[in-house]
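S.K.: model this:
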Amino acid sequence: MTLLLASLADSADVWAAELRSRDLPQTLHVWPDVPDPSTIEYAIVAKPPAGLLAELPNLKAILSLWAGVDHITHDATWPRHVPLYRMIEPGLTKGMIEFVLSQVLNLHLMNYDFLERQQAREWDNQVRGVYGTEPLIEDRTVGVLGLGEMGRNVALALASNGFNVMGWSRSQRAFGGIDCRSGQEGFNAVLAESDIVVNLLPLTPETEDILNAGAFAQMKPGSMLVNAGRGQHVVDQDLIAALDAGQLSRAVLDVYRQEPLPSDDPFWAHPKVTVYPHIASITRARTGVTSLVERIAILEEGGVPEGLYDPDRGY
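M.R.: Next up, the predicted model:
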């Protein structure tokens with residue numbers, strides 16, 4: 001049995017070293033070293049070369065190094081008959097919790113506004129409101145869009161830190177006392193009642209452009225956005241218009257329609273936008289390889305591990 005590691009994005013050398021340290025029962029090849037494509041049964045990939053997966057005739061499964069799989073499915077030739085698995089591993093989820101919690105706290109405490117005052121050398125102790133009346137965590141409602149593995153755990157972490165948390169997903173969920181909503185009415189309610197909206201939705205035809213002028217109009221005046229889902233969820237010009245009009249007071253962005261973000265993109269210079277270079281959560285090789293090894297073992301035993309991509313749902 002042979003594994004193929006193919007990555008044009010994450011460091012293949014790091015992943016290969018970690019995989020080899022596990023004393024695998026399988027032979028490991030690292031692209032472009034593919035002596036015999038017919039021997040490859042499992043492909044472990046991050047943005048693999050276009051057409052590569054279609055050239056592996058005996059492939060049993062494709063395992064993404066990332067939580068999303070659009071870096072695979074955007075290739076028109078990817079073999080749809082082969083099971084495709086999203087990365088689910090503790091390090092990835094913990095990293096997202098850390099990022100979102102830190103950004104929500106920054107927005108709650110108006111830290112970015114204080115940085116602006118520092119640059120202007122302006123002493124202003126009423127950034128958060130009238131001195132002595134500033135909101136506490138329990139006064140803030142955070143809406144989490146997307147309640148999959150990451151969204152669910154992010155929502156629970158926010159709630160455990162004292163925030164009021166609402167969540168929205170395609171289908172109705174129930175967990176941990178979170179106020180879960182679904183459907184268009186639920187989506188509108190989460191937007192309307194949240195001080196901070198965190199987007200962790202998967203990218204599907206239904207969710208593309210979901211954060212548009214209509215959605216921003218539903219949000220509380222002065223509310224804030226954290227986008228760690230996909231850049232295609234946001235209509236960029238609508239977000240900029242909402243920020244310019246004061247409908248939204250700030251946006252923290254980690255993902256974009258074009259990455260790397262072009263140097264002339266207006267997000268770079270917008271005073272109410274904080275730009276991160278798609279680092280909200282990354283798969284750590286140490287913890288990610290453990291998940292890969294466990295799931296390959298399950299597949300070899302005839303089981304179906306977690307993270308199976310459903311092409312009908314798009315995630």
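
S.K.: contacts, neighbours, all on C-alpha from now
M.R.: OK.

S.K.: can you pull the contacts of residue 44?
M.R.: 3-6, 62-65 (Cα atoms under 8 Å, 6 or more residues apart in numbering).

S.K.: Which ones among those residues lie within strands?
M.R.: 3-6, 62-64 (DSSP state E).

S.K.: wait, which of the residues you listed is closest to residue 300?
M.R.: residue 3 (12.6 Å; Cα to Cα).

S.K.: who's in contact with the closest one?
M.R.: 26-29, 40-44.

S.K.: ok so, going back, of the ones in strands among the contacts of residue 44, which count as buried by neighbour count?
M.R.: Buried by 16 or more other Cα atoms under 10 Å: 3-6, 62-64, out of the ones in strands among the contacts of residue 44.

S.K.: and stretch 142-157, which residues are buried?
M.R.: 142-147, 150-157.

S.K.: Give the helix, strand or coil label for the most centrally placed residue in the chain.
M.R.: With distances taken as Cα atoms, centre = their mean, the residue of the chain nearest its centroid is residue 229 (3.9 Å). Following DSSP: H, G, I helix; E, B strand; the rest coil, residue 229 is assigned to coil.

S.K.: any idea how far residue 93 lies from residue 287?
M.R.: Using Cα to Cα, to the nearest Å, we find residue 93 at a distance of 11 Å from residue 287.

S.K.: which SS state does the spatially closest residue to residue 19 that is not a sequence neighbour fall under?
M.R.: Spatially, and ignoring its direct neighbours in sequence, residue 19 is nearest to residue 289 (6.3 Å; Cα to Cα, 6 or more residues apart in numbering). Reduced to three states with three-state DSSP, the structure at residue 289 is helix.

S.K.: what about residue 289, how many residues close to it?
M.R.: 21 (other Cα atoms under 10 Å).

S.K.: tell me the contacts of residue 254?
M.R.: Counted by Cα under 8 Å, 6+ apart, residue 254 has contacts 227-228, 275-280.

S.K.: Pull out the buried residues from those residues.
M.R.: 227-228, 275, 278, 280.

S.K.: Rebuild the residues you listed as TSV, extending it with pLDDT and distance to residue 244.
M.R.: TSV is the format used below for these (pLDDT from 0 to 100; distance: Cα to Cα, whole Å):
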residue	pLDDT	distance to residue 244
227	98	18
228	98	21
275	98	17
278	95	24
280	96	25
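
S.K.: any chance you could map the strands in the stretch 51-200 of the chain?
M.R.: In the stretch 51-200 of the chain, the segments counted as strands under DSSP state E, counting those that start in this stretch are 61-64, 84-85, 141-145, 164-169, 179-182, 196-199.

S.K.: ok, back up a step: find the nearest non-adjacent residue to the residue nearest to the centre of the chain, please.
M.R.: residue 200 (4.3 Å).

S.K.: where exactly do the strands run in the stretch 201-315 of the chain?
M.R.: Using DSSP E, counting those that start in this stretch, the strands of the stretch 201-315 of the chain run over 223-227, 248-253, 273-275.

S.K.: Compare these and give me the one nearest residue 241.
M.R.: Comparing the strands of the stretch 201-315 of the chain by Cα to Cα, strand 248-253 comes nearest, at 9.1 Å.

S.K.: Need the contact partners of the closest one.
M.R.: Contacts for strand 248-253 (Cα under 8 Å, 6+ apart): 103, 216, 219-228, 242-243, 272-276.

S.K.: Output that strand as PDB, nothing but the C-alphas.
M.R.: Taking C-alpha atoms only, strand 248-253 is exported to PDB below (Å, rounded to 0.1, in the frame of the first residue of the first chain):
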ATOM      1  CA  LEU A 248     -20.500  48.300  10.700                       C
ATOM      2  CA  SER A 249     -17.800  49.800  12.900                       C
ATOM      3  CA  ARG A 250     -15.000  47.400  12.200                       C
ATOM      4  CA  ALA A 251     -14.100  44.200  10.400                       C
ATOM      5  CA  VAL A 252     -11.300  41.700  11.100                       C
ATOM      6  CA  LEU A 253     -10.500  39.700   7.900                       C
END
